[in-house]
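**Q** here is my input; please provide its structure:
(chains A and B)
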2 protein chains.
Amino acid sequence: MRTLKLTVAYDGTNYCGFQRQANGLSVQEVLEDALAPFERDAAGRGPTVSGAGRTDAGVHALGQVASVNVAFETPASAVQRALNARLPADVRVVGAVDATPGFHARHHARGKSYRYRVSTPPVQSPFDRLYAWHAPGRYDLDAMRAAAEALVGRHDFKSFQARGSAVRHTVRTMRTIAITTPPGEIVFEVEGDGFLRHMVRAVVGTLLDVGTGLRQPADMAAILEARDRAAAGPTAPAHGLTLVAVTY
Amino acid sequence: MRTLKLTVAYDGTNYCGFQRQANGLSVQEVLEDALAPFERDAAGRGPTVSGAGRTDAGVHALGQVASVNVAFETPASAVQRALNARLPADVRVVGAVDATPGFHARHHARGKSYRYRVSTPPVQSPFDRLYAWHAPGRYDLDAMRAAAEALVGRHDFKSFQARGSAVRHTVRTMRTIAITTPPGEIVFEVEGDGFLRHMVRAVVGTLLDVGTGLRQPADMAAILEARDRAAAGPTAPAHGLTLVAVTY
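**A** Residues are numbered from 1 along each chain as shown, chains lettered A, B, ... in the order given. So this is what the prediction gives:
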C-alpha cells in the first residue's frame, strides 16, 4: 500500500467544509473526484481522502493536510500537477509527497495553527469581505492579550466548544495565542495540540468582548471553570478563520 | 445644485464594469439604486453617477471616483453610511465629500494609477485567483524594466489600444511604470494622465513577453511607432487589474 500526504489550500467560501456531507459540496469530494481518474472503486468513486480537520462551512485553509491510500504508482509531483489541472481554482494542492504507508492526516496530527482576521475600520475593504470578520470599533489590545494569556496552557475548553458536540474529552493544550494589529485589522494566531468544534471562533468572540470592556481578563478563569458554552462569548463567524498549518 | 464626490472600492469579479450596460450588472447601477431612496426621477431611478473610468468586466478598484449631482441636503458622511448599508458587500463607498458644484469625475480627472498583479509560482494561491493573473515562470526583470522605461513619457499608445476602440486621439503621457517583486509575484504600478481601452493590460502582456525573451527591450520603440495593435503583445486578463486612484 502507498500513502500520499497532500497539503491543500482552499478558499472555503463555496464549500460546506472539508468533510463530505450529504448536502453541499465539500473539499473532500472535489479532491476524491480529481483522484478518480487514477483509481476508482466499483462504484466509480476515487480513493477516500482523510483530512486533518473538518473545518466548518466558509472556513479557509492555507495548509490543510489530507492522507489517501492508493495503489497507483504515478510520482507524487505528477499527481500534484494532475490534481491541480482537474480541481476548481479555489482548491489547490500545494504539496504532495509519499508518506510512511499508513500515515493518517487526522490520527497522527500533533498540532494545528489557525489565523483569525478581524477588520476594525467603519468601512471594510470589499477584498476582505470573505476573509475577515467586519467588527468595527476600538478594542483594548492590552486587555485582550491579558485575557488570551489566561487561556494558554492545558485546560478544559468545554466552555468554548459548540453546543451539541459529541466530543467528551474537552481538555486541550493551547500553546500560543498571538494578537497582532496590521493596519485596520486585529489578527489572532493560535496554535495548539487540537481544537474543539468552534473553539477558535468562540475564543475570538470572547476576546473581542474583553476588547470592548464587556468582559475583563480576570473573567477568563471562571469561564474555563464553568465548562458551559453559555459562560463564554459569541462564536465569531466562520469566514474570518483560516487553518494555517498542521504539524506531525 | 450640489455635487458629491464618491470614492468607491469594488471587487469587480461579479460586475460587467463600472459603467451601466444593457447586459450585466454594473457598479454604476448598484450605486444609483442605493442613491434612489434619497432622490428619484419620474421613472423611479436614482441620480445618474459618472465614474472617472469605465473599467472592464472583472477589473477591480480601490479608488474609483464618481460624481453625482443631487438636490437633497443629507450630509456627505451620512450619505456614505446609508449607501454602504444598502450596497452589496463587494462595493464600498470609502469616501464621500461635497465637491465644487459641477465637478465631473471623468472630465476633470488629471491622472490615474493602476496596479496589475501577476502570480509566478507553479501553483497559484486560491486567494489570489480572482485578483492576480497566474502566469507561472521565470522572468528577466532587468529586461522588463528596460522595456518599461521606453514607454515612459508622452507617446502615441495606439499599438496598446483595444481593436475597434472609437478613440482617435491616442497620445497619452505615461508618468511611471514601477515593477516590484513581492514573494511569488510581479506587480506593475503604472501612473499616467489617462489610459486607452485595455492599455494597461496590453502593456503588461507585452512586458511579460520581454520577460520571457520573446521580445527585446529594444523592440519597444518600433512597437510604439507601428500604431498597430498587432505589433504589441497579448492583452493580460482583466482580473489582475485594479484602479488604485484618480487624481484631480
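
**Q** what helix or strand is the residue of chain A most remote from its centre located in?
**A** Relative to the C-alpha centroid of chain A, counting by CA atoms, centre = their mean, residue A:42 is the outermost residue, at 32.8 Å. According to DSSP states H and E, residue A:42 maps onto no helix or strand at all.

**Q** centre of the chain to the longest helix that chain A contains, how far?
**A** Longest helix in chain A by number of residues (criterion: DSSP state H): helix A:199-212. Its chain's C-alpha centre and that of helix A:199-212 lie 16 Å apart, by CA atoms, centre = their mean, to the nearest Å.

**Q** got the buried residues for that helix?
**A** Buried residues in helix A:199-212, defined by neighbour count with 16 or more other CB atoms under 10 Å in any protein chain shown: A:199-211. The C-beta positions use only the backbone N, C-alpha and C, and glycine is treated the same way.

**Q** other SSEs contacting that helix?
**A** When contacts are defined as 3 or more CB pairs under 8 Å, 6 or more residues apart in numbering or on different chains; DSSP states H and E, helix A:199-212 sits against strand A:111-119, helix A:141-149, strand A:171-180, strand A:185-192, helix A:220-226.

**Q** the same query, at a cut-off of 10 Å, please.
**A** Secondary-structure packing of helix A:199-212 (3 or more CB pairs under 10 Å, 6 or more residues apart in numbering or on different chains; DSSP states H and E): strand A:111-119, strand A:133-134, helix A:141-149, strand A:171-180, strand A:185-192, helix A:220-226, strand A:241-247.

**Q** got those as CSV, with distance to chain B, mean pLDDT and mean neighbour count columns?
**A** As requested, the helices and strands packed on helix A:199-212 are exported to CSV (distance: least, CB to the nearest CB, whole Å; pLDDT from 0 to 100; neighbours: other CB atoms under 10 Å in any protein chain shown):
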stretch, distance to chain B, mean pLDDT, mean neighbour count
strand A:111-119, 11, 98, 21
strand A:133-134, 8, 98, 20
helix A:141-149, 25, 98, 18
strand A:171-180, 19, 98, 16
strand A:185-192, 15, 98, 20
helix A:220-226, 32, 97, 16
strand A:241-247, 9, 98, 22
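
**Q** for those, which one sits closest to residue B:80?
**A** Distance to residue B:80, taken as CB to CB, is lowest for strand A:133-134 among those, at 15.5 Å.

**Q** and the closest one, which strands flank it?
**A** Sheet pairing of strand A:133-134 (DSSP bridges) gives strand A:111-119 (parallel).

**Q** let's see the partner strand as CSV, backbone CA atoms only.
**A** The C-alpha atoms that make up strand A:111-119 are tabulated as CSV, following Å, rounded to 0.1, in the frame of the first residue of the first chain:
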residue,chain,number,x,y,z
GLY,A,111,-0.7,20.3,16.4
LYS,A,112,-2.6,22.8,14.3
SER,A,113,-2.4,26.5,13.8
TYR,A,114,-5.2,28.8,12.8
ARG,A,115,-5.4,32.5,12.0
TYR,A,116,-8.5,34.6,12.6
ARG,A,117,-8.8,38.1,11.0
VAL,A,118,-11.0,40.9,12.2
SER,A,119,-11.4,44.2,10.2
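
**Q** tilt between that strand and helix A:199-212?
**A** Strand A:111-119 runs at 40 degrees relative to helix A:199-212, counting by axes from the mean of the first three to the mean of the last three CA atoms, to 10 degrees.

**Q** what residues does chain A put near chain B?
**A** Residues of chain A that fall close to chain B, judged by CB under 10 Å from any CB of the partner chain: A:8-13, A:60-62, A:77, A:80-81, A:84, A:87-95, A:121-131, A:134, A:242.

**Q** generate a ChimeraX selection restricted to the buried entries among these.
**A** Under the burial definition 16+ other CB under 10 Å, those of the residues of chain A next to chain B that qualify are selected in ChimeraX by:
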select /A:8,9,10,11,12,13,60,61,62,80,81,84,87,88,90,91,92,93,94,95,123,124,125,126,127,128,129,130,131,134,242
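
**Q** which of the residues of chain A next to chain B fall within strands?
**A** The members of those that map onto strands under DSSP state E are A:8-10, A:60-62, A:91-95, A:134, A:242.

**Q** quick check, nearest of the residues you listed to residue A:104?
**A** Using CB to CB, those come closest to residue A:104 at residue A:8, 15.4 Å.

**Q** just give the nearest non-adjacent residue to the closest one, would you?
**A** residue A:64 (4.5 Å; CB to CB, 6 or more residues apart in numbering or on different chains).

**Q** partners of the host helix or strand of the one you found, with directions?
**A** Using DSSP H and E, residue A:64 falls within strand A:60-70. Strands that pair with strand A:60-70, judged by DSSP bridges, come out as strand A:2-10 (antiparallel), strand A:49-51 (antiparallel), strand A:241-247 (parallel).

**Q** ok now do residue A:126, which residues does it touch?
**A** Going by CB atoms under 10 Å, 6 or more residues apart in numbering or on different chains, residue A:126 touches B:8-13, B:60-62, B:87-92, B:94.

**Q** per-residue confidence for the closest residue in space to residue A:167 that isn't next to it in sequence?
**A** Nearest non-adjacent residue to residue A:167, counting by CB to CB, 6+ apart: residue A:196, 6.1 Å away. On the pLDDT scale, residue A:196 is placed at 96.

**Q** need the three-state assignment for residue A:196.
**A** Per DSSP: H, G, I helix; E, B strand; the rest coil, the secondary structure class of residue A:196 is coil.

**Q** so the residue farthest from the centre of chain A versus residue A:22, what's the distance?
**A** 21 Å (CB to CB, to the nearest Å).

**Q** quickly list what residue A:155 is bridged to.
**A** As for beta bridges, residue A:155 partners with residue A:172 under DSSP bridges.

**Q** so what's it up against?
**A** Counted by CB under 10 Å, 6+ apart, residue A:155 has contacts A:170, A:171, A:172, A:173, A:174, A:220, A:221, A:224, A:225.

**Q** do residue A:12 as well
**A** Residue A:12 is in contact with A:18, A:27, A:55-61, A:64, A:90-91, A:130-131, A:238-239, A:241-243, B:126, counting by CB under 10 Å, 6+ apart.

**Q** over to residue A:82?
**A** Per CB under 10 Å, 6+ apart, neighbours of residue A:82: A:34, A:35, A:37, A:38, A:74, A:93, A:96.

**Q** what do you get for residue A:185?
**A** By CB under 10 Å, 6+ apart, the contact list for residue A:185 reads A:117, A:118, A:119, A:120, A:121, A:125, A:128, A:132.
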